[in-house]
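Visitor: just need the structure, nothing else, for what follows:
(one chain, ligands or ions: 2)
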Amino acid sequence: MSVSVEPTSVEPSQNHSAPANTGGAGSAGSGGSAPGTEAAQALRPHAEQAFAAELAALAAQDDRPRPARWKLSPWAVATYLLGGALPDGTVITPKYVGPRRIVEVAVTTLATDRALLLLGVPGTAKTWVSEHLAAAVSGDSTLLVQGTAGTPEEAIRYGWNYARLLAHGPSRDALVPSPVMRAMAQGMTARVEELTRIPADVQDTLITILSEKTLPIPELGEEVQAVRGFNLIATANDRDRGVNDLSSALRRRFNTVVLPLPETPEAEVDIVSRRVDQIGRSLDLPAAPDGIDEIRRVVTVFRELRDGVTTDGRTKLKSPSGTLSTAEAISVVTNGLALAAHFGDGVLRAGDVAAGILGAVVRDPAADRVVWQEYLETVVRERDGWKDFYRACREVTA
Ligand SMILES: Nc1ncnc2c1ncn2[C@@H]1O[C@H](COP(=O)(O)OP(=O)(O)OP(=O)(O)O)[C@@H](O)[C@H]1O
Ligand SMILES: [Mg+2]
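Guide: Ligands and ions are numbered 1, 2, ... in the order given. Got it, this is the predicted structure:
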């Protein structure tokens, strides 16, 4: 499964920081590593490393037109995200489970002169989709700016190597390009995470980049012009709305795609079991038989509490303060599997997920605990076949 990956072909001289980011992390303790093993050793390989074989198979069989500098055609990028089978029988696993149209609109946007904004509540795979899109379109998902309240303009434009700046004055040599600048120069996909957490004036540095497609460097009297193929994917959390809302000038430069919560319980169970399986394999957890029943139960609890009503629509429920996202369901089940593997008989049972569920539901120790206890006593206790789960939850709640 682990595939050795050639470094993506970017001009090496321009690109000091990209390899430095990825190297080293996975190599501690493993002497004499051959080329390529670092990716295999990485705790979390980048999408283009983890799915190198699928991307290569798609590239080999993709005979549709590709936009400038794209590694794949838009059709192949969508297939990479949504999954499918290729003419030669290669199976492409689905990365994103959700409406096909959403992926098509997102991919098409990247081929236009507008940037892509992925919006949604927490845990709706915004980051995940952004990473896979960049991997499929440009073969590199690492040109990334993480947005925080402290993100400075330099993180989006460029900074300086002060030793060189002092020794030789401003020059291209002393300039430290941001991931966005590198993406512009190389015609690649840049990513900005949590755009709305970035202070408004810093966000606005993106306006020139996205409308003029240039990044001026006044200190050198130069500019970097975006090469064809450049585009940008930003993610923003619905819940951060109002923190640093996008200015309307910036918003107009983006096509917004809203990622929804999984529509049906089956879809959510599917997402959780796929991801748990992948994560479990990367952590070398033993494969658990029959985990699906417990996954279904976790998803049911999460959905009922999130929606404020039981699946049969009969009982109204109070919702806790946490988001109870699919992403949290994934980590509850993964933790449960680890418990079952290390301290149980390897089979995922109610007792293995109860503590995780409690932790996800009860964020506010006072109010959420009341909500949880009410749910336990009125819904869980009465439900057929849920006795073991009720007991396990009572044990950890007490
Ligand atoms: N529809 C979906 N299809 C596939 N995976 C999903 C889906 N929804 C959630 N996930 C999984 O949830 C996990 C978390 O997703 P991710 O971190 O991308 O969420 P996010 O929207 O960026 O959340 P946040 O707003 O907290 O940053 C990922 O492992 C992803 O695989
Ligand atoms: Mg995210």
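Visitor: how about R303: what's its closest non-neighbour residue?
Guide: P265 (5.9 Å; CB to CB, 6 or more residues apart in numbering). For glycine as for every other residue, the C-beta is placed from the backbone atoms N, C-alpha and C.
Visitor: I should have written K71 there, sorry.
Guide: K71 sits nearest to G139 (CB to CB, 6+ apart), 4.6 Å away.
Visitor: thought the one you found was touching R66?
Guide: No. Using CB atoms under 8 Å as the test, G139 is too far from R66 to be in contact (11.9 Å).
Visitor: looking at those two, which is more packed in?
Guide: Legend: neighbour count by other CB atoms under 10 Å for G139 and R66, higher for G139 (23 against 19).
Visitor: just the closest residue of the stretch 201-350 of the chain to ligand 2, please.
Guide: T235 (5.4 Å; CB to the ion).
Visitor: tell me what the one helix or strand that residue maps to is packed against?
Guide: Per DSSP states H and E, T235 falls inside strand 231-237. Counting contacts by 3 or more CB pairs under 8 Å, 6 or more residues apart in numbering; DSSP states H and E, strand 231-237 packs against strand 115-120, helix 126-138, strand 189-193, helix 205-211.
Visitor: give me the distance from the very next helix or strand once past that strand to the chain's centre.
Guide: Heading C-terminal from strand 231-237, the first helix or strand you meet, by DSSP H and E, is helix 248-251. Distance of helix 248-251 from its chain centroid, counting by CA atoms, centre = their mean, to the nearest Å, is 24 Å.
Visitor: repeat for stretch 208-218
Guide: On the basis of CA atoms, centre = their mean, stretch 208-218 is displaced by 27 Å from the centre of the chain it belongs to.
Visitor: give me the contacts around it.
Guide: 113-115, 156-158, 175, 180-181, 184, 222-226, 230, 232, 250, 253-254 (CB atoms under 8 Å, 6 or more residues apart in numbering).
Visitor: which outside residues touch stretch 49-58?
Guide: In contact with stretch 49-58 (CB under 8 Å, 6+ apart) are residues 3, 5, 39, 42, 48, 71-72, 76, 79-80, 86, 88, 90, 92-93, 95, 132, 135-136, 139.
Visitor: tell me the buried residues within these.
Guide: 3, 5, 39, 42, 48, 71-72, 76, 79-80, 86, 92, 95, 132, 135-136, 139 (16 or more other CB atoms under 10 Å).
Visitor: for the stretch 201-350 of the chain, which spans come out with low pLDDT?
Guide: 240-244, 287-290 (pLDDT under 70).
Visitor: ok and the residue in it nearest ligand 1?
Guide: Closest approach between the stretch 201-350 of the chain and ligand 1, counting by CB to the nearest ligand atom: A327, at 3.4 Å.
Visitor: give the helix, strand or coil label for that residue.
Guide: Under DSSP: H, G, I helix; E, B strand; the rest coil, the three-state class of A327 is helix.
Visitor: all strands of the stretch 201-350 of the chain, in order?
Guide: 214-217, 222-225, 231-237, 254-258 (DSSP state E, counting those that start in this stretch).
Visitor: got it, and the stretch 51-200 of the chain?
Guide: Using DSSP E, counting those that start in this stretch, strands in the stretch 51-200 of the chain cover 84-85, 91-92, 115-120, 144-146, 158-160, 175-177, 189-193.
Visitor: nearest to ligand 1, out of these?
Guide: strand 115-120 (5.6 Å).
Visitor: for the residue of the stretch 201-350 of the chain closest to ligand 2, give its distance to G147.
Guide: Going from T235 to G147 by CB to CB, to the nearest Å gives 9 Å.
Visitor: same check on A329?
Guide: Distance, A329 to G147, by CB to CB: 25 Å.
Visitor: if we can go back for a sec, what do T235 and G147 both touch?
Guide: Counting by CB under 8 Å, 6+ apart, the contacts common to T235 and G147 are 192-195.
Visitor: make TSV from those and add pLDDT and distance to ligand 2 to it.
Guide: Shown next, in TSV, are those (pLDDT from 0 to 100; distance: CB to the ion, whole Å):
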residue	pLDDT	distance to ligand 2
V192	98	11
E193	97	6
E194	95	7
L195	94	11
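Visitor: turn these into CSV, including distance to ligand 1 and neighbour count.
Guide: As requested, these are exported to CSV (distance: CB to the nearest ligand atom, whole Å; neighbours: other CB atoms under 10 Å):
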residue, distance to ligand 1, neighbour count
V192, 12, 26
E193, 7, 22
E194, 7, 21
L195, 11, 25
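Visitor: Throw those into TSV and include distance to V379, thanks.
Guide: Below are these laid out as TSV (distance: CB to CB, whole Å):
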residue	distance to V379
V192	41
E193	37
E194	35
L195	39
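Visitor: between those residues, which is nearest G308?
Guide: Comparing the shared contacts of T235 and G147 against G308 with CB to CB places E194 closest, at 27.3 Å.
Visitor: so what's the residue count around the nearest residue to the closest one once chain neighbours are set aside?
Guide: Spatial nearest neighbour of E194, excluding adjacent residues (CB to CB, 6+ apart): G147 at 3.9 Å. G147 sits with 23 neighbouring residues when counted by other CB under 10 Å.
Visitor: now do the contacts for G147.
Guide: G147 neighbours (CB under 8 Å, 6+ apart): 192-198.
Visitor: then A350?
Guide: 294, 297, 388-389, 391-393.
Visitor: near ligand 1, which residues of the stretch 51-200 of the chain show up?
Guide: Contact residues, the stretch 51-200 of the chain versus ligand 1 (CB under 6 Å from any ligand atom): 96-98, 120, 122-128.
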